[in-house]
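what shape does this take:
(one chain, ligands or ions: 1)
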Amino acid sequence: MQVNYDTYKSMDFTCPECGWHGKGEELLNGEFSEVHLIGDLECPKCFHLIAHWQAPLTNNTDYEKNYS
Ligand SMILES: [Zn+2]
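Predicted coordinates:
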């Protein structure tokens, strides 16, 4: 599930793994890829990967097409 970095903190999330329920601001920031500017958001209770956000980059699209 990809979320908007600007709005995820006020969204509601439920962990499919342990049933934790809460706001996006309570999620833990996990792995962060500097290449793709993608950050993982993990459950604060069981560390299950619930969502990820991607920084809005306009010139990243061509890179994706050519190398993925
Ligand atoms: Zn969980």
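
measure stretch 32-46 end to end?
With CA to CA, to the nearest Å applied, stretch 32-46 spans 19 Å between its terminal residues.

list the buried residues in that stretch.
Gly39, Asp40, Leu41, Glu42, Cys43 (16 or more other CB atoms under 10 Å). Heads up, the C-betas are built off the backbone N, CA and C, glycines and all.

now the residue nearest the centre of the chain, nearest residue through space, not along the chain?
Nearest residue to the geometric centre of the chain (CA atoms, centre = their mean): His52, 1.5 Å. If the residues on either side of it in the chain are set aside, His52 comes closest to Asp40, at 5.0 Å by CB to CB, 6 or more residues apart in numbering.

what about that neighbour, is that helix, strand or coil?
strand (DSSP: H, G, I helix; E, B strand; the rest coil).

list the contacts of it.
Asn29, Gly30, Glu31, Phe32, Leu49, Ala51, His52 (CB atoms under 8 Å, 6 or more residues apart in numbering).

most surrounded residue in those?
Within those, neighbour counts (other CB atoms under 10 Å) peak at His52, which reaches 20 neighbours.
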